[in-house]
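Peer 1: Got a predicted structure here, sequence first:
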Amino acid sequence: MTLTSRISPAFLASGLLHLAVLAALVLVRAPAGDPAGEGPPVAVRLVTSGDFAAAQADSVPAADAASAAPSTPVPAEPEPAPIPPPPAVPTPTPPKPKPVQKSPPTLAPRSVATPAAAPARPPAPAKRASGGLDLDALAGQVARLGGSRPGPAVPAGGATSGPSAATLAGLQDQLQRRWTPNCEVEGGRDVRVRVSFGLSPGGDLAGAVEAGGLERSDNAVVRAAAERAIRAVLQAAPFPALASPAGQRIAVNFNAREACS
Amino acid sequence: MRMSAAALLIACLVLAGLSGVPAPARAEIEVDVNRGDIRPLPLSIPDFSGDRGGDIARVISDNLGRSGLFAPIDSGGRTAEVSTEPDFAVWKSLGAQALLNGQVNLVDGRLQVDFRLWDTFAGQQLLGLQFTSTPENWRRVAHKISDAVYERLTGEKGYFDSRVVFVSESGGRLNRTLRLAVMDQDGANPSYLTDGSEIALSPRFSASSQEITYMSLRPSGSTVYLLNLETGRRESLGQFQGMVFAPRFSPDGAQVAFAVERNGNSDIWVMNLVNRQSRRLTSDPAIDTSPAFSPDGSKVVFNSDRGGSPQLYVMDASGGGARRISFGEGRYTSPVWSPNGDHIAFTRQSGGKFHIGVMRPDGSDERTLTSSYMDEGPTWAPNSRVLLFSRQEAGGEPRLWTVDVTGRILKPAPYSSGASDPAWSPLIN
């Protein structure tokens, strides 16, 4: 048995067929197969590549000029950079005490009990004074709150007597009607602000209303959230229903996640 | 004698301790507030003093009001001099939590605008700045002030000093004219960029806001152009074998991605604008189109029907590694990455309606924001909070609408003519 006698015509035909298929695959693949990374980088055939040079030489191609020139207005361009960086120039200092600060203002103590600090300000509007708590109404509100709401009153420090649940529910209600959480802003609903403040024996704010330093945060969203929570307390004050001979310390947790959900 | 008094005091303290009587202490009461007033924040913006003062205050008020986050209060003709501390009681009685006052002066032919933002309940200045510009640029000053106020009261960057390029549509169905147009984000200063002799489609801004790319369609074929808004100079990317469409700049402005259709197959390509070399990013028998870069330029989102129906895919900006991110019902098209990278907005067609939606870049947290007969072509505001898109009712004309990323604040855009395919610019520097 010779070598030639072992190679059958069928085997030869099969080999040729495989070769033909391989060749066909290569040939068919080539025109469409210009993926990135294979061959030269210019894969799109630019029929009028000369336009680029012309365009880059600051001349509009003739066809473009014809269509654009007569009725294509150059867009009204706002002054490129006429406005200096915002923080560069503070507004002139007004005659009243320190309303203008170059650096971001720090929150001044908001003391209703020390009106001398703001001599120019008129007395608190009568509307606020009339906003005292009606215990009957508050009792109704408590009933309306239902059982799903967290208990409003958590006297800390082991005090055995303090404001009633109705009074504290009223405080809670006052605050949530005046608190505008920053729900729509990215990250605004993730901020939990704890605002603490003191009350005078008469229920007025005594000393600063603070958010544990969040009102001075470098994070603008956190700072805005803290300011909104503080503003809710300032807006809701005074709290005559919480009047107590020894005064009172209050801490309010403003939970944006729950409020925004 | 002094010793005996001290001993007496100690004895009293010991007795008090032994008797278990707590020392009197002022306890701190803790309250949780889990609900709030979700309405827009009320603020007053009385007319600024000086020429153009009323106009500037009005533009600011309109901007902030349109955002849906603020409720400007009519000041009833009251004014507030910027040189003195406001009478906060007056503004508090109106319900304003914040007050913006200002004055306009012309100094050496330049417009100088001073303004202050006040917290009326804290009686405290939140912001005090001065802008100067040329007098005719007063609207832009108003937009700058709007951005400053927005950021100070929300903590988030504003988006008012920006522009929108879009396709202006006019005429009847048989003689429709599609022209490229640009306007301020509040609809002011509209102007046409093309004359209607060709169909202009899919305009997109570069990161500098000074250049746009768009597709022009003529009977002879399609062309992608770069148009410089400052000089008015227009140049073609060249003519391609096949139809080229859906161009979009890379974040650094150095590349333009687009789709090329040949023989019924569409793939995504990218051209380097420096050396004018093009590369093919996808090579799939399916229709791949609508590429959009991620803000860091590392990824490209596009839509493809390689899975049987148009869905969204994300791949590396160099091509390859494509993975599907949309799996909801219907057909997903026109994806666009938010400037902060957190979301991808898209058009989805299902149930006989078109919807604008958003999802995370990994496909999670998909939300539908709008639905109508035809909502399509979303584009992001520079701060990634607001989307602009076109809405068309049955038999009606397409109009521009805005929706915030929560889907709660849906409003017609302040441009009342036929318009589609909007693209929002970055903040103008």
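Peer 2: Yes, it's here.
Peer 1: can you give me phi and psi for B:Lys92?
Peer 2: phi -70, psi -40 (degrees, to the nearest 10).
Peer 1: what's the neighbour count on residue 201?
Peer 2: If you meant another chain, say so; for now it's chain A. Look at A:Pro201: counted by other CB atoms under 10 Å in any protein chain shown, it has 13 neighbours. For every residue, glycine as well, the C-beta is placed using N, CA and C.
Peer 1: let's do chain B instead
Peer 2: Counted with other CB under 10 Å, B:Leu201 comes out at 18.
Peer 1: what's near enough to touch the nearest residue to B:Arg78 once chain neighbours are set aside?
Peer 2: Closest residue in space to B:Arg78, ignoring its immediate chain neighbours: B:Pro46 at 5.6 Å, by CB to CB, 6 or more residues apart in numbering or on different chains. B:Pro46 sits next to B:Ala57, B:Ser75, B:Arg78, B:Thr79, B:Ala80, B:Leu99, B:Asn101 when contact means CB atoms under 8 Å, 6 or more residues apart in numbering or on different chains.
Peer 1: List only buried entries from these.
Peer 2: When neighbours are counted using 16 or more other CB atoms under 10 Å in any protein chain shown, the contacts of B:Pro46 contain these buried positions: B:Ala57, B:Ser75, B:Arg78, B:Ala80, B:Leu99, B:Asn101.
Peer 1: Let's verify B:Ile356: helix, strand, or coil?
Peer 2: Secondary structure state of B:Ile356, per DSSP: H, G, I helix; E, B strand; the rest coil, is strand.
Peer 1: Look up how far B:Ser61 lies from the residue nearest to it when sequence neighbours are not counted.
Peer 2: Spatially, and ignoring its direct neighbours in sequence, B:Ile356 is nearest to B:Thr370 (4.4 Å; CB to CB, 6+ apart). Counting by CB to CB, to the nearest Å, the separation of B:Thr370 from B:Ser61 is 26 Å.
Peer 1: Could you check which of these two has the larger neighbour count?
Peer 2: A direct count of neighbours by other CB under 10 Å for B:Thr370 and B:Ser61 places B:Ser61 higher, at 23 against 20.
Peer 1: The helix or strand hosting the more buried one and chain A in contact?
Peer 2: Following DSSP states H and E, one finds B:Ser61 within helix B:53-67. No - shown here: helix B:53-67 not in contact with chain A (CB under 8 Å from any CB of the partner chain), separated by at least 8.7 Å.
Peer 1: if you average pLDDT over that helix, what comes out?
Peer 2: Across helix B:53-67, the average pLDDT comes to 97.
Peer 1: Listing partners with orientation, what would you give for the next helix or strand after it?
Peer 2: For helix B:53-67, the succeeding helix or strand toward the C-terminus, using DSSP H and E, is strand B:70-73. Applying DSSP bridges, strand B:70-73 is found paired with strand B:41-44 (parallel).
Peer 1: Would you mind extracting the C-alpha trace of the partner strand into PDB?
Peer 2: Written as PDB, here are the backbone C-alpha positions of strand B:41-44 (Å, rounded to 0.1, in the frame of the first residue of the first chain):
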ATOM      1  CA  LEU B  41     -39.900  77.300  49.800                       C
ATOM      2  CA  PRO B  42     -41.600  80.700  49.900                       C
ATOM      3  CA  LEU B  43     -39.400  83.700  49.300                       C
ATOM      4  CA  SER B  44     -39.800  87.300  48.300                       C
END
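Peer 1: Report the buried residues of that strand.
Peer 2: So for strand B:41-44, counting by 16+ other CB under 10 Å, buried means B:Leu41, B:Pro42, B:Leu43, B:Ser44.
Peer 1: Centre of the chain to that strand, how far?
Peer 2: Put simply, strand B:41-44 sits 21 Å off its chain's centre (CA atoms, centre = their mean, to the nearest Å).
Peer 1: Which elements pack onto the helix or strand containing B:Gly102?
Peer 2: Following DSSP H and E, one finds B:Gly102 within strand B:98-107. Secondary-structure packing of strand B:98-107 (3 or more CB pairs under 8 Å, 6 or more residues apart in numbering or on different chains; DSSP states H and E): strand B:41-44, helix B:53-67, strand B:110-119, helix B:138-154.
Peer 1: one more time with 7 Å, if that's ok
Peer 2: With contacts defined as 3 or more CB pairs under 7 Å, 6 or more residues apart in numbering or on different chains; DSSP states H and E, the packing partners of strand B:98-107 are strand B:41-44, helix B:53-67, strand B:110-119.
Peer 1: B:Asn137 and B:Asp316, how far apart?
Peer 2: For B:Asn137, the distance to B:Asp316 equals 42 Å [CB to CB].
Peer 1: Look at those two and report which has more neighbours.
Peer 2: The residue with more neighbours, out of B:Asn137 and B:Asp316, is B:Asn137; 19 against 12, by other CB under 10 Å.
Peer 1: Next to chain A, which bits of the stretch 201-350 of chain B? Give me the list.
Peer 2: Counting by CB under 7 Å from any CB of the partner chain, the stretch 201-350 of chain B comes close to chain A at B:229-230, B:232-236, B:238-241, B:260, B:269, B:276-281, B:283, B:319.
Peer 1: In PyMOL, how would I select just the buried ones from those?
Peer 2: PyMOL command restricting these to the buried ones, with burial defined by 16+ other CB under 10 Å:
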select buried, chain B and resi 229+232+233+234+235+236+238+239+240+260+269+276+278+279+280+281+283+319
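Peer 1: Next, the angle strand B:98-107 makes with the helix holding B:Ser61.
Peer 2: Relative orientation of helix B:53-67 and strand B:98-107, computed by axes from the mean of the first three to the mean of the last three CA atoms, to 10 degrees: 140 degrees.
Peer 1: Near residue 204, how many other residues are there?
Peer 2: Picking chain A for this. 20.
Peer 1: looking at chain B here, not the other one
Peer 2: Using other CB under 10 Å, the number of residues around B:Arg204 comes to 23.
Peer 1: which SSE is it in?
Peer 2: B:Arg204 belongs to strand B:199-205, assigned by DSSP H and E.
Peer 1: Could you please name the strands that strand pairs with and the direction of each pair?
Peer 2: Strand B:199-205 has these strand partners (DSSP bridges): strand B:211-218 (antiparallel).
Peer 1: Please state the offset of the strand it pairs with from the chain centre?
Peer 2: 23 Å.
Peer 1: So for that strand, what gets flagged as buried?
Peer 2: B:Glu211, B:Ile212, B:Thr213, B:Tyr214, B:Met215, B:Ser216, B:Leu217.
Peer 1: Show me what the helix holding B:Ser61 is packed up against.
Peer 2: Under the contact definition 3+ CB pairs under 7 Å, 6+ apart, helix B:53-67 sits against strand B:70-73, strand B:98-107, helix B:138-154.
Peer 1: possible to save the ones you listed as TSV with mean pLDDT?
Peer 2: Shown next, in TSV, are the helices and strands packed on helix B:53-67 (pLDDT from 0 to 100):
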stretch	mean pLDDT
strand B:70-73	96
strand B:98-107	96
helix B:138-154	97
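Peer 1: got the domain boundaries for chain B?
Peer 2: Domain segmentation of chain B under automatic domain parsing yields B:41-154, B:163-424.
Peer 1: now the end-to-end length of the shortest one.
Peer 2: One end of domain B:41-154 to the other measures 10 Å (CA to CA, to the nearest Å).
Peer 1: same question, stretch B:30-40
Peer 2: Stretch B:30-40: ends 27 Å apart by CA to CA.
Peer 1: and that stretch, anywhere near chain A?
Peer 2: Yes - using CB under 7 Å from any CB, stretch B:30-40 reaches chain A at B:Glu30, B:Val31, B:Asp32, B:Val33, B:Asn34, B:Arg35, B:Gly36, B:Asp37, B:Ile38, B:Arg39.
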